[in-house]
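> Model the following, please.
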Amino acid sequence: MKTLQHITYDGSFNGFLSVVFTIFQQEECPLGIKSKKREDQVLFPSEQNIETDLGKARRVWRSLEKKSSNTVKGIYFAFLSEQNDIELLLFRYIKSLFRRTAEDPVFDPREKSKIFQLAQNVAKEKQRIETFTQLSDGKTGFLKGDIQPKYNVLPLISKHFKSQYGNHPWMITDTKRDLILSFDGLYLGLQPYHKVQSDGLEQLKQSFTSLHGGQKIAV
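The predicted model follows:
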């Protein structure tokens with residue numbers, strides 16, 4: 001594999017999987033993979049930006065699913081930890097899962113343990129948020145709640161709150177990350193808070209980014 005300086009992407013999990021697909025296809029090895037949101041942390045200019053491609057992301061996801069459900073869940077949860085350089089660590093781990101020859105480097109067991117420890121930390125934070133977050137009535141007809149989780153667990157908690165509140169519309173704002181998870185009784189959405197503010201709540205359904213086709217690939 002030839003070496004690239006840096007790769008940037010949009011920061012979404014689908015975007016990261018698109019990066020994995022593209023790098024594998026081009027047989028390149030990056031020195032760094034950074035979200036555009038954190039691009040200012042890179043000391044050198046980006047050599048390549050990779051756009052999100054849902055088709056490519058799904059192909060990588062399905063290949064990982066064939067390994068084991070624990071593997072793919074661990075990768076997704078660890079990604080949501082948002083730890084520095086988590087993308088490069090996960091890329092190297094995924095690459096090791098598809099070793100072609102005995103000469104390909106073996107992934108350090110200590111780094112694998114780090115990934116799954118991060119995944120476990122995210123799972124605990126998910127459980128904490130689900131346990132202690134209470135939604136209250138809002139004037140708009142939506143039940144509302146604000147959270148500030150340590151990790152980006154917002155994409156993981158929709159099943160719990162759908163089960164708890166049935167078809168009643170609700171919205172949960174991650175004030176730390178400027179994101180809203182919302183349910184209008186039929187559709188789930190995950191989108192930036194400022195977009196909901198500018199569109200207005202009456203346009204919430206029309207402005208949804210589907211969890212199944214947008215930022216999240218369901219685990």
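> Which residue is the nearest non-sequential neighbour of residue 94?
residue 20 (5.7 Å; C-beta to C-beta, 6 or more residues apart in numbering). In short, each C-beta sits where N, CA and C put it, glycine included.
> List the buried residues for stretch 47-58?
By 16 or more other C-beta atoms under 10 Å, the buried positions in stretch 47-58 come out as 48, 50, 52, 53, 56, 57.
> Just the helices from this structure, written as ranges.
Here the chain has its helices, by DSSP state H, at 13-26, 54-65, 69-79, 86-97, 109-132, 158-165, 193-199.
> For those, give me TSV that also has mean pLDDT and distance to residue 32.
As requested, these are arranged in TSV below (pLDDT from 0 to 100; distance: least, C-beta to C-beta, whole Å):
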stretch	mean pLDDT	distance to residue 32
helix 13-26	92	11
helix 54-65	95	19
helix 69-79	96	16
helix 86-97	94	6
helix 109-132	97	16
helix 158-165	95	32
helix 193-199	57	28
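> what sits opposite the residue nearest to residue 87 when sequence neighbours are not counted in the beta ladder?
Distances taken as C-beta to C-beta, 6+ apart put residue 33 closest to residue 87, at 3.8 Å, once the chain neighbours are dropped. Beta-bridge partners of residue 33, counted by DSSP bridges, are residue 7.
> Tell me if I'm right that residue 33 and residue 20 touch.
No: using C-beta atoms under 8 Å, residue 33 is not in contact with residue 20; the gap is 9.1 Å.
> Now the common contact residues for those two.
Shared contacts of residue 33 and residue 20, defined by C-beta atoms under 8 Å, 6 or more residues apart in numbering, are found at residue 91.
> which of these two has more neighbours?
residue 20 (27 against 22; other C-beta atoms under 10 Å).
> list the contacts for the more buried one?
Residue 20 touches 60, 91, 94, counting by C-beta under 8 Å, 6+ apart.
> Could you report the neighbour count for the first one?
By that I understand residue 60. Neighbours around residue 60, by other C-beta under 10 Å: 22.
> excluding its backbone neighbours, what's nearest it?
With C-beta to C-beta, 6+ apart, the residue lying closest to residue 60 is residue 17, at 4.4 Å.
> domain ranges for the protein?
Following automatic domain parsing, one finds the domains of the chain at 2-99+106-123, 133-203.
> Of the buried residues of stretch 47-58, just say which sits nearest to residue 78.
Nearest to residue 78 among the buried residues of stretch 47-58 is residue 57, at 16.7 Å by C-beta to C-beta.
> Okay, the closest one and residue 127: tell me how far apart.
27 Å (C-beta to C-beta, to the nearest Å).
> so how far is residue 17 from residue 62?
Residue 62 is 10 Å from residue 17, by C-beta to C-beta.
> ok, those two, which is more surrounded?
Ranked by neighbour count (other C-beta under 10 Å), residue 62 and residue 17 place residue 17 first, with 28 against 11.
> one step back: isn't the residue nearest to residue 60 up against residue 54?
No: at 9.1 Å, residue 17 does not count as touching residue 54 under the criterion of C-beta under 8 Å.
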